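Visitor: Model the structure of this input:
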Amino acid sequence: MSGRKPSFQDYDREEAEEYSGFLLSNAATAKDFITRTTDPEAIRYLVEDHTIDVDVPGAGIQLKEAVLTSETAPLDVKQTVAQRNADLGDVLVPDTVERNARTALAVGKPIVLYGPTGTGKTYFAKQLALATCVDYEVHTATPTWTPADITGSIQPETKDGEITYHRRAGCVSQGIQQAERYGDNYAVIIDEITRADISQVFGPLYTAIEDQDQVIFRDEEGNGLTLNDDLKLICTMNMSDRTVNELDNAITRRFAMIELSRYGDEARSSLFDDWIGELEPGPDRNIDTDELKDLFEKHHRGINEGTTTNSEGGIMEFGPMHYVDVTKFLKYACEPGGPYAGEAITAVGQAFATYVAPRLLNTASLPQINRIASHYETLDDQYRFDMSAPADLARRQAAAEERDMGVSAYE
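Guide: Numbers count the residues shown, from 1 in each chain. Predicted coordinates:
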């Protein structure tokens with residue numbers, strides 16, 4: 001490592017190593033080097049061996065931006081810079097789901113990840129984006145969305161009594177601009193697409209997906225933005241919102257539909273083991289982890305397949321990812337000095353009432369609400385854990401639904 005003033009000739013890795021000391025102490029020279037070099041290994045060395053994008057005093061974000069916008073930096077180096085603080089853990093979805101999603105994106109197909117609540121669609125969407133792109137942004141659809149939220153719009157602005165107009169890019173147009181800036185793959189995640197009117201909102205995209213010469217928006221300089229393979233579009237959809245068969249054929253023809261169904265018994269058991277394994281036993285925590293896992297399993301089976309005391313079958317589809325929030329709640333609440341220290345029996349039921357039951361009840365019909373309440377009452381009888389809190393929550397919601405519907409509905 002050299003701290004002497006550099007005399008760059010080739011701007012290659014050899015010179016990066018020779019003058020690394022100076023580059024790591026001079027932001028302007030480091031930026032100039034990153035901009036000028038045509039040697040990918042020079043940038044890799046500075047980023048991976050010296051974290052130049054964060055360790056140069058006074059550099060701010062200029063070195064990060066220099067790497068991300070470099071035509072020389074490899075994709076994996078750009079990912080390292082963009083994703084330094086991203087930590088989403090291991091991919092948990094089935095192997096075929098990951099392979100199908102990666103393949104669809106690789107051949108330029110936008111995708112929809114669909115399935116029951118709690119199957120990790122949004123989490124996997126982020127993991128997929130981080131694995132295949134420089135970076136990503138997330139937008140959650142709402143009922144008020146219009147095509148402008150996707151492509152863009154022209155907005156008025158008043159200043160000193162004068163009205164001017166400026167162009168505001170929509171989420172997909174913004175993604176195209178980012179992909180152009182970085183010169184590499186960039187992902188736009190649209191979460192919960194069925195909250196919006198898909199046929200209306202996605203209309204301008206349909207033609208553009210099939211004809212990549214179709215301009216979907218023009219920026220302030222009048223440059224036309226078109227879809228290209230560098231923009232990776234990943235959408236998520238809850239099955240509780242709508243079935244795939246109810247979707248507009250236009251979207252199922254143009255998007256790869258990737259299903260995230262309930263996890264198999266072995267995969268689900270492994271998830272439960274990992275999460276519950278973080279609950280260290282102790283006199284204050286006092287949680288029987290074997291009993292807790294059995295509760296998770298019986299709760300999950302009862303919701304998805306039906307209880308042993310009821311022959312009606314499953315209540316609704318419900319994925320396993322919700323239970324991680326229960327273990328996080330217990331890990332903090334039941335630790336020494338925590339809000340439920342020494343009260344694990346009560347804490348478990350409160351965790352279900354806080355995280356799990358509301359998600360079940362959110363989309364449940366009145367008959368389903370009553371069955372959910374009965375399920376919690378059964379669990380309350382079968383386990384030492386006090387499950388009365390989620391049972392009471394469900395019963396109160398059932399009573400409210402009955403009041404709204406009127407007594408005549410049951411006469």
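Visitor: Just list the residues touching Lys126, thanks.
Guide: 88, 136, 138, 189 (CB atoms under 8 Å, 6 or more residues apart in numbering). Placement of C-beta: from N, CA and C, glycine included.
Visitor: Just the buried ones from the residues you listed?
Guide: 136, 138, 189 (16 or more other CB atoms under 10 Å).
Visitor: would you turn those into JSON lines with secondary structure, pLDDT and distance to Tyr165?
Guide: As requested, these are arranged in JSON lines below (DSSP: H, G, I helix; E, B strand; the rest coil; pLDDT from 0 to 100; distance: CB to CB, whole Å):
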{"residue": "Tyr136", "secondary structure": "strand", "pLDDT": "95", "distance to Tyr165": "30"}
{"residue": "Val138", "secondary structure": "strand", "pLDDT": "96", "distance to Tyr165": "28"}
{"residue": "Ile189", "secondary structure": "strand", "pLDDT": "97", "distance to Tyr165": "30"}
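Visitor: May I see the residues you listed organised as CSV, with distance to Arg396 added?
Guide: CSV is the format used below for the buried ones among the contacts of Lys126 (distance: CB to CB, whole Å):
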residue, distance to Arg396
Tyr136, 40
Val138, 33
Ile189, 35
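Visitor: My guess is Asp380 contacts Ser388. True?
Guide: Yes: between Asp380 and Ser388 there is a contact at 5.6 Å, judged by CB atoms under 8 Å.
Visitor: ok, now which ones touch the residue nearest to Leu46 when sequence neighbours are not counted?
Guide: Distances taken as CB to CB, 6 or more residues apart in numbering put Ile52 closest to Leu46, at 4.2 Å, once the chain neighbours are dropped. Ile52 sits next to 23-24, 30, 34, 46, 63 when contact means CB under 8 Å, 6+ apart.
Visitor: what's the answer for Met405, then?
Guide: So Met405 contacts Leu366 (CB under 8 Å, 6+ apart).
Visitor: In the stretch 101-250 of the chain, where is pLDDT below threshold?
Guide: For the stretch 101-250 of the chain, the stretches with pLDDT under 70 are 240-248.
Visitor: Let me see the ranges of the strands in it.
Guide: 111-115, 136-140, 152-159, 162-169, 186-191, 215-218, 224-226, 231-238 (DSSP state E, counting those that start in this stretch).
Visitor: Which residues outside the helix or strand that contains His300 are in contact with it?
Guide: Secondary structure from DSSP states H and E places His300 in helix 289-305. With CB under 8 Å, 6+ apart as the test, helix 289-305 has contacts from 262, 268-269, 272-273, 276-277, 279, 281, 313-318, 320, 323, 326, 330, 348, 352, 356, 360, 372, 375, 378-379, 382-385.
Visitor: filter the residues you listed to the buried ones?
Guide: Buried by 16+ other CB under 10 Å: 262, 268, 272, 276, 279, 314-318, 320, 323, 326, 330, 348, 352, 356, 360, 372, 375, 378-379, 383, 385, out of these.
Visitor: Let me see the contact set for the closest residue to Arg36 other than its chain neighbours.
Guide: Closest residue to Arg36 apart from its sequence neighbours, by CB to CB, 6+ apart: Tyr11 at 4.8 Å. Listed by CB under 8 Å, 6+ apart, the contact set of Tyr11 reads 33, 36-39, 42.
Visitor: Emit the ChimeraX select command for whichever of these are buried.
Guide: Buried subset of the contacts of Tyr11, written as a ChimeraX selection, criterion 16+ other CB under 10 Å:
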select :33,37,39,42
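Visitor: how about Tyr383, phi and psi?
Guide: With angles defined as degrees, to the nearest 10, Tyr383 sits at phi -120, psi 160.
Visitor: Show the model's pLDDT score for the nearest residue to it once chain neighbours are set aside.
Guide: In this structure, Tyr383 finds its nearest non-sequential neighbour in Leu295, 5.5 Å apart by CB to CB, 6+ apart. We have a pLDDT of 97 for Leu295.
Visitor: count of neighbours near Leu295?
Guide: Leu295: 23 surrounding residues under other CB atoms under 10 Å.
Visitor: All set now, cheers.
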